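Participant: the sequence isn't on hand, but the structure is:
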């Protein structure tokens, strides 16, 4: 059974930013789906098992952004 | 001898936007260098010969932006 968590990412300004965050978060082991709402910064992650919050933070920072 | 022209591009919001515009404009035949100032939208193009304004407009639009 999958679970969904939503994070808020700051600093995304355009579709390229959305693509960068999506790409990095999708690389986390166990992630099944990533949806980003540019207007609100909401990043909704569906995963097979609970994600390590530090992995999500690291992925967002690798993309060049920050968790709120 | 090279010549330089400056265009103003609207809609760029981040470094990814700058990269997209730079990449497309650099593909125009004769272009030697492209410099983009994100804050002002100024795109300075150095070329071997005068550029076709419609080629520049097309490149900017291909990247997803508009000339002012």
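Facilitator: Structure received. Keep in mind that what you see is a predicted model, and the values were worked out from it rather than measured. Residues are numbered from 1 along each chain as shown, chains lettered A, B, ... in the order given.
Participant: tally of neighbours for the residue of chain A found nearest chain B?
Facilitator: Using Cβ to the nearest Cβ, the single residue of chain A nearest to chain B is residue A:16, 3.1 Å away. All C-beta spots, glycine's among them, are computed from the backbone N, C-alpha and C. Neighbour count for residue A:16, taken as other Cβ atoms under 10 Å in any protein chain shown: 18.
Participant: nearest residue to it other than its sequence neighbours?
Facilitator: With Cβ to Cβ, 6 or more residues apart in numbering or on different chains as the criterion, residue A:16 has its nearest non-adjacent residue at 3.1 Å, and that residue is residue B:16.
Participant: residues contacting the one you found?
Facilitator: With contacts defined as Cβ atoms under 8 Å, 6 or more residues apart in numbering or on different chains, residue B:16 is in contact with A:14, A:16, A:17, A:20.
Participant: now it, what's its secondary structure?
Facilitator: Following DSSP: H, G, I helix; E, B strand; the rest coil, we place residue B:16 in the helix state.
Participant: which other residues reach stretch A:19-30?
Facilitator: Residues outside stretch A:19-30 that contact it (Cβ under 8 Å, 6+ apart) are A:9, A:12, A:31, A:34, A:36, A:43, A:45, A:47-49, A:51, A:55-56, A:59-60, A:62-65, B:16.
Participant: Throw the contacts of residue B:16 into CSV and include distance to residue B:27 and pLDDT, thanks.
Facilitator: Putting the contacts of residue B:16 into CSV (distance: Cβ to Cβ, whole Å; pLDDT from 0 to 100) gives the following:
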residue, distance to residue B:27, pLDDT
A:14, 21, 96
A:16, 18, 96
A:17, 23, 97
A:20, 22, 97
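Participant: of these - the most surrounded one?
Facilitator: residue A:17 (23 neighbours).
Participant: from residue A:63, how far off is that one?
Facilitator: Using Cβ to Cβ, to the nearest Å, one gets 8 Å for the distance from residue A:17 to residue A:63.
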